[in-house]
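**Student:** here is a sequence together with a model predicted from it:
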Amino acid sequence: MATARASKRNVTRHLRELASEAETILDDGTVLTKAEVLARLLWKHALGFTEVHYDKNKVPEEIYHPPVQWAIDLVYSRLEGRIPQQIVDESSAITAADRVSELAAERINNAAEAAVAVPKPSPTMDGPGDGAQGSERADGEPPVEG
């Protein structure tokens, strides 16, 4: 059975092979690979675009799609030489900022609870107080009276 790392390398290898395959040919005869088509689609979403749909009566209707933030971020990151670690669907997942806020609130609440908590008596003391008569000193000797 192949390891997870080897499986990921195989998937990456196959994706690279598929990306280099021809996908379409432009009117001027230029062959576009799957990777080029994907890059054009990414730019299209990053810049926003208008498409024409036809209704039942064959009437054209223009629909504008505004720029999408994930596409802008991905293009910008790639142009800057950074590789994104993960692309998350905006609508279904919690954002990193929200998760950080939740963790910070949880830590603050835990610190507040710890500050309010009643301290437990130390094991060297017999009862309440600060080592008054009837208790032993920390070194095990009886208290000094004076």
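**Tutor:** The structure has been received and is ready for your questions.

**Student:** which residues of the chain fall in strands?
**Tutor:** In chain order, the chain shows strands spanning 22-25, 31-33, 49-54, 60-65, with DSSP state E as the criterion.

**Student:** please work out which of those strands is packed deepest.
**Tutor:** Highest mean neighbour count among those (mean count of other Cβ atoms under 10 Å): strand 31-33, with a mean of 13. (C-beta placed from N, C-alpha, C; glycine too.)

**Student:** circling back to that earlier point, and of the strands of the chain, who's closest to Ala112?
**Tutor:** strand 60-65 (46.7 Å; Cβ to Cβ).

**Student:** what's the closest one packed up against?
**Tutor:** strand 49-54 (3 or more Cβ pairs under 8 Å, 6 or more residues apart in numbering; DSSP states H and E).

**Student:** what lines up beside the strand it packs on in the sheet?
**Tutor:** strand 60-65 (antiparallel) (DSSP bridges).

**Student:** just the mean pLDDT for the strand it pairs with, thanks.
**Tutor:** Averaged over strand 60-65, pLDDT sits at 94.

**Student:** thinking again about what came up before, okay, the strands of the chain in TSV with distance to Asn110 next?
**Tutor:** Output for the strands of the chain, formatted as TSV (distance: least, Cβ to Cβ, whole Å):
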stretch	distance to Asn110
strand 22-25	54
strand 31-33	53
strand 49-54	48
strand 60-65	45
